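[1] mind folding the following:
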Amino acid sequence: MRSAGEGDERLIHISQQKKDQVYQEARRLLIKTYGDDKADGGSCLYWSKIAINLLASMGLRAILQAGDLQWQMVPHELDDGVSSTHFSYMWSDKRDMTFDPSGELPEIHVWVGLPEQNEIVDFSTGGFKKRAIEHHGLRWLGPDPPLYLWGPPPDRTIYHPFLEATLFAKKLIDYHC
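    Model prediction:
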């Protein structure tokens, strides 16, 4: 029988300084394992694989999640009613679920959930603005996204996991990462 609090991940408090250290270690491992080009954006699968391993080594129950992401890039007051207001990846299970050898994923976002803390860990957010502008031709009028997200998502930001997307991401990690 466990004593009160033993093995209870909710009691683990992670300071901002420790979160920053974990992010820096994840970045170092990402670059060492996959190269510099994966550190800038569009590499959520690789960031998530590394994050899961680091978080688990800290005694946290880290769960792979994948699906939709909608990150506000145009503040409400600048919304023209016509242009996109969010940088988004919208999962659809009707696609051909194959892995592109170039490393490009279908429209999907991958992150890590910490269920006991009710937090999201997404080390790829620092690349969102660059990806939105350079790969999708979007105008980013809002504040820059944080280097990483570890906690609840900002207001007007949506992370929506789907089981099928998560299983697809897990399969890609197992076979390609």
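[2] so where's the longest helix in this structure?
    Selection of the longest helix in the chain by residue count, based on DSSP state H, yields helix 16-34.
[3] and Met149, what does it touch?
    To be clear, residue 149 is Leu; Met isn't right here. With contacts taken as CB atoms under 8 Å, 6 or more residues apart in numbering, Leu149 has the following neighbours: 111, 120-122, 125. (Each C-beta comes from the backbone N, C-alpha and C, glycine too.)
[4] pLDDT value on Asp8, please?
    Asp8 is assigned a pLDDT of 50 by the prediction.
[5] just Leu105 next, same as before
    As predicted, Leu105 sits at a pLDDT of 69.
[6] quick revisit: export the contacts of Leu149 to TSV and tack on secondary structure and pLDDT?
    Compiled in TSV, these are given as follows (DSSP: H, G, I helix; E, B strand; the rest coil; pLDDT from 0 to 100):
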residue	secondary structure	pLDDT
Trp111	strand	98
Ile120	strand	97
Val121	strand	98
Asp122	strand	98
Thr125	helix	96
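[7] still on that earlier bit, list the buried ones in the longest helix of the chain?
    Residues of helix 16-34 classed as buried by neighbour count (16 or more other CB atoms under 10 Å): 22-23, 26-27, 29-30, 34.
[8] re the thing from before, from the contacts of Leu149, pick the one nearest Phe87.
    Of all those, the one with the least separation from Phe87 (CB to CB) is Thr125, at 10.1 Å.
[9] buried residues, stretch 120-133. List them.
    By neighbour count on 16+ other CB under 10 Å, the buried set for stretch 120-133 is 120-129, 131-132.
[10] just to revisit the earlier point, from the contacts of Leu149, pick the one nearest Trp71.
    Comparing the contacts of Leu149 against Trp71 with CB to CB picks out Thr125 as the nearest, at 7.5 Å.
[11] give the contact list for that closest one.
    For Thr125, counting by CB under 8 Å, 6+ apart, the contacting residues are 71, 145-149.
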